[in-house]
Structures are given as structure tokens and as C-alpha cells.
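Asker: structure here, sequence nowhere to be found:
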């Protein structure tokens with residue numbers, strides 16, 4: 001009975017907050033809404049869009065992952081999520097803040113909102129109360145496969161956001177063309193790093209120090225050269241910047257503003273960030289999360305770099321369901337002794353499938369139960385000028401704690417992901433289970 005009351009209360013709060021969002025956009029039709037959906041890359045993409053549009057407009061962006069049915073309405077309205085979510089008095093304060101927000105003059109021009117799904121039907125539900133001006137779909141790759149079961153179900157879920165929006169901009173490179181049949185919206189455009197996309201980036205040069213230099217191509221500016229310097233590592237990390245530029249074109253930014261916006265985009269913590277490591281090494285910190293396509297892209301980037309020694313530290317990729325074995329083995333088979341000196345894994349699935357596949361390729365492999373142990377071993381084998389890639393899933397991975405152990409400047413640990421007091425306390429309890 002108590003559980004039933006909690007569910008009723010949750011549903012009441014959710015419906016009320018959704019109603020406030022509807023009222024807000026009805027009261028302020030001049031405020032535009034951009035939603036970002038997709039299996040991976042949502043945070044980097046929404047941040048790049050905010051950076052690009054922020055040159056010209058007042059932008060609201062929640063930097064966290066408030067992308068669920070309970071949290072997204074608060075993020076849209078710019079209201080902090082209550083600390084005690086079961087407290088009616090706390091929600092009363094939220095309701096009052098929402099009512100005030102509706103009555104006040106708008107404090108933003110554009111709201112950028114990430115939306116996510118763990119189960120089928122969750123993206124479509126956003127369409128029951130949102131009608132975004134633009135939806136950006138970043139990728140369709142394996143996610144929460146224990147619930148979605150098939151990639152067709154994943155595609156239908158993510159592309160639902162395109163269908164309930166006025167305009168959709170989808171990633172041509174990371175969304176298979178076979179899923180186009182799930183699109184009912186006729187107002188769809190594509191972006192990417194290949195010239196098959198309408199909005200794309202043409203690379204001219206790359207250096208680790210300066211990033212990717214090239215030009216941005218947009219149909220609206222067919223006869224205009226738009227110089228673009230994207231200070232990120234890896235082709236897959238150019239795409240969020242291209243998505244941001246495509247949105248910027250639709251939002252009315254001129255070529256000069258778009259070019260300047262590219263120059264301002266930077267990687268966010270835990271997404272292919274470069275850090276100095278011990279013994280003159282270079283760390284690629286990609287510890288925020290992991291998935292098959294993201295891991296593959298990170299490994300390909302590592303392979304493209306020249307270094308006297310290469311080490312990779314990979315954690316288990318979570319939420320893959322029955323596809324876990326196959327996906328981990330695919331990553332393991334990307335390594336050969338001539339490409340990487342050490343493959344270090346963290347977690348059961350990575351050890352069972354990824355490590356065994358890498359061993360079969362002839363690689364030196366070492367597996368550990370947690371990231372602290374893996375970081376200690378990595379420190380012991382790092383040579384001068386090495387490049388070390390760290391990548392793993394958030395839950396039960398926390399490879400940022402391995403990164404800490406090999407940092408040249410330990411004080412930089414505060415720029416890694418999940419370093420808030422709450423996260424540190426959570427991880428301390430987690431690692432205590434290995435004592």
C-alpha cells in the first residue's frame with residue numbers, strides 16, 4: 001500500500017510539472033526549445049549547442065543529466081531539483097516557483113533540453129507535452145538492451161523525438177539509413193563528418209595541440225566558406241560541434257558567428273580530454289561513460305596517434321543485455337601487439353570477453369576488479385612519452401579514479417568527472433566493498 005501511495009504521488013507530481021511546462025510555452029511562445037536525444041553523445045552535443053547559441057541568445061541549459069520525466073520539466077523551467085523528493089512541502093515550493101516562472105517575463109531566448117530513455121515509450125511520452133522547435137538525434141547504438149531487446153526498438157525510441165518536433169537534425173554518420181522508415185516527420189536534415197550529410201565538416205589538418213582545422217558546409221551558405229577549428233580529439237567528437245553549427249544556422253547565426261562558435265567549443269570533463277601523465281605521458285580521459293560505438297571511436301583515435309608506448313584501460317560496458325559478450329569481444333579484437341603495448345581491463349564482463357579476445361590477438365593483458373587496482377598497475381608500466389586511454393561505464397566503473405593515480409599534477413583531479421562530495425562519498429563506499 002505504501003508503495004502504491006508513492007507511485008500515485010510521483011505520478012501526481014510528474015503530471016503537474018508537465019502541465020506547468022505546457023503553460024510556460026503557451027505564455028511565452030517566443031521562447032524556443034531544442035531537445036537532444038540519442039543513444040550516446042547527448043551531453044557533448046547539448047553543451048556544444050549552448051556554447052554556439054550563447055554568443056547571440058540567452059540560453060538555458062542544465063549541465064547535469066536531468067533528462068527523465070520527473071527531472072526534465074524542472075530543467076526546462078530552470079528550477080532546482082528538490083533534495084527530498086518524497087517531501088510534499090518541498091514540491092509545494094517547486095510548484096510555487098513554476099507558477100512564478102510562468103508569470104514572469106522570460107529570462108531566456110532558447111532552452112536546450114536533453115531527453116533520455118531507459119525503457120520503451122519514454123521518449124514518446126515527452127511528445128505528449130512538448131513540441132520542440134528543433135530535435136537533434138545524436139546516434140542510434142546499443143543501449144539498455146535488457147529492456148529494448150533489439151536495435152529496431154532502440155531506433156523507434158530515439159527517433160520518436162524527431163517525429164514530435166517541428167524540425168529534426170539527425171546524425172548521418174551514427175544512425176543507420178535503414179531506420180529512416182521510422183521517421184514520420186518530413187522536415188528532417190542531417191549532420192556529420194562525411195559529405196553525405198547536409199551539414200558537415202571538411203577536415204584540412206589535425207594536431208593534438210590545435211585540434212581539427214577545416215571548413216563547415218551548410219546548404220544555406222553554399223557559396224560561403226566557413227572556417228572551423230574544433231579543439232577536440234577524435235572524429236566522433238567533431239560531430240557534436242557540427243550539430244551545434246547546424247542548429248545555429250536554423251537559429252539565425254551568420255557565418256562569422258558560427259566560425260567563432262566552433263573556436264569556443266571544448267571537450268567536457270571525461271570526454272576525450274587530454275591530461276599530462278607521469279613520465280611525460282599523455283592521458284586521454286574518456287571516463288564519463290562507455291558504450292560500444294563510443295569505445296570503438298576512442299580506440300580508433302588511440303590507434304591514430306603516434307607514441308613510443310600505448311596503453312588502454314577499459315571498463316565493462318554496462319546495460320548491453322544479451323549482446324554484452326559480442327560487443328566486448330568486438331572491442332577486444334581491435335587490439336594487436338603492434339598497435340598497443342598493454343590492454344588493462346576493469347570489471348567482470350570486460351575480463352571475461354574483452355580481455356580474452358585481446359589475448360587471442362596476442363596482446364599483453366591484465367585484468368582487475370576495480371579501477372584503483374588498474375590505475376596502480378598502469379602506473380607501474382607507463383614508459384616515457386606513453387599515451388594512455390581510459391574509458392569505462394559510470395556505474396561500477398569509475399575509471400576516473402584510475403586516472404588520478406597516473407596524473408602528473410594530482411591537483412588536476414578536481415577537473416575529472418564525478419568529484420562532488422556526494423560522488424566521492426558514494427565511490428568510497430563502493431571501493432570499500434573490495435577491502
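Answerer: Cool, got the structure. As the structure is a prediction and not an experimental result, all values here were calculated from the model. Numbering: from 1, shown residues only.

Asker: so residue 185 sits in a helix?
Answerer: No - under DSSP: H, G, I helix; E, B strand; the rest coil, residue 185 falls outside any helix and is assigned coil.

Asker: touching, it and residue 161? I think so.
Answerer: No - in this structure, residue 185 is not within contact of residue 161 by C-beta atoms under 8 Å, at 9.7 Å. For the C-beta atoms, the positions are set from N, CA and C on the backbone; glycine is no exception.

Asker: more neighbours, these two?
Answerer: residue 161 (26 against 16; other C-beta atoms under 10 Å).

Asker: common neighbours of residue 185 and residue 161, please.
Answerer: By C-beta atoms under 8 Å, 6 or more residues apart in numbering, residue 185 and residue 161 have these common neighbours: residue 168.

Asker: report the next helix or strand after the longest helix anywhere in the chain in sequence order.
Answerer: Longest helix in the chain by number of residues, with DSSP state H as the criterion: helix 2-27. As assigned by DSSP states H and E, the chain's next helix or strand after helix 2-27 is strand 32-37.

Asker: packing partners of that following strand?
Answerer: For strand 32-37, the packing partners by 3 or more C-beta pairs under 8 Å, 6 or more residues apart in numbering; DSSP states H and E come out as helix 42-53, strand 110-114, strand 134-137, helix 151-163.

Asker: how is this structure divided into domains?
Answerer: As assigned by automatic domain parsing, the chain contains the domains 31-58+108-264, 273-432.

Asker: in a markdown table, list those along with mean pLDDT and distance to residue 96.
Answerer: As requested, the domains of the chain are arranged in a markdown table below (pLDDT from 0 to 100; distance: least, C-beta to C-beta, whole Å):
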| stretch | mean pLDDT | distance to residue 96 |
| --- | --- | --- |
| domain 31-58+108-264 | 96 | 20 |
| domain 273-432 | 95 | 26 |
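
Asker: and the helices in the stretch 301-435 of the chain, which stretches?
Answerer: Using DSSP state H, counting those that start in this stretch, the helices of the stretch 301-435 of the chain run over 324-332, 348-349, 356-360, 371-381, 400-406, 421-432.

Asker: so which of those helices is the most surrounded?
Answerer: Neighbour counts (mean count of other C-beta atoms under 10 Å) averaged over each of those peak at helix 400-406, with a mean of 24.

Asker: residues near residue 125, how many?
Answerer: Residues near residue 125, counting by other C-beta under 10 Å, number 16.

Asker: now name the helix or strand holding it.
Answerer: helix 122-126.

Asker: over to residue 204?
Answerer: Counting by DSSP H and E, residue 204 is part of strand 199-207.

Asker: so which elements touch that strand?
Answerer: Using 3+ C-beta pairs under 8 Å, 6+ apart, the elements in contact with strand 199-207 are strand 188-192, strand 211-217, helix 239-250.

Asker: relative orientation of the longest one and strand 32-37 in degrees?
Answerer: Which is helix 239-250. In terms of direction (axes from the mean of the first three to the mean of the last three C-alpha atoms, to 10 degrees), helix 239-250 departs from strand 32-37 by 160 degrees.

Asker: which SSE is immediately downstream of helix 239-250?
Answerer: Next helix or strand after helix 239-250 toward the C-terminus (DSSP H and E): helix 255-264.

Asker: just the terminal-to-terminal distance for stretch 62-70.
Answerer: Distance between the two ends of stretch 62-70: 14 Å, counting by C-alpha to C-alpha, to the nearest Å.

Asker: contacts for it, please.
Answerer: With contacts defined as C-beta under 8 Å, 6+ apart, stretch 62-70 is touched by 10, 13-14, 17-18, 42-43, 47, 72, 74-75, 81, 85, 113-116, 122, 125-126.

Asker: report the rounded mean pLDDT for it.
Answerer: For stretch 62-70, mean pLDDT rounds to 76.

Asker: sorry, back to before: of all the helices and strands packed on strand 199-207, which one is nearest residue 371?
Answerer: Closest to residue 371 of those, according to C-beta to C-beta: helix 239-250, at 25.9 Å.
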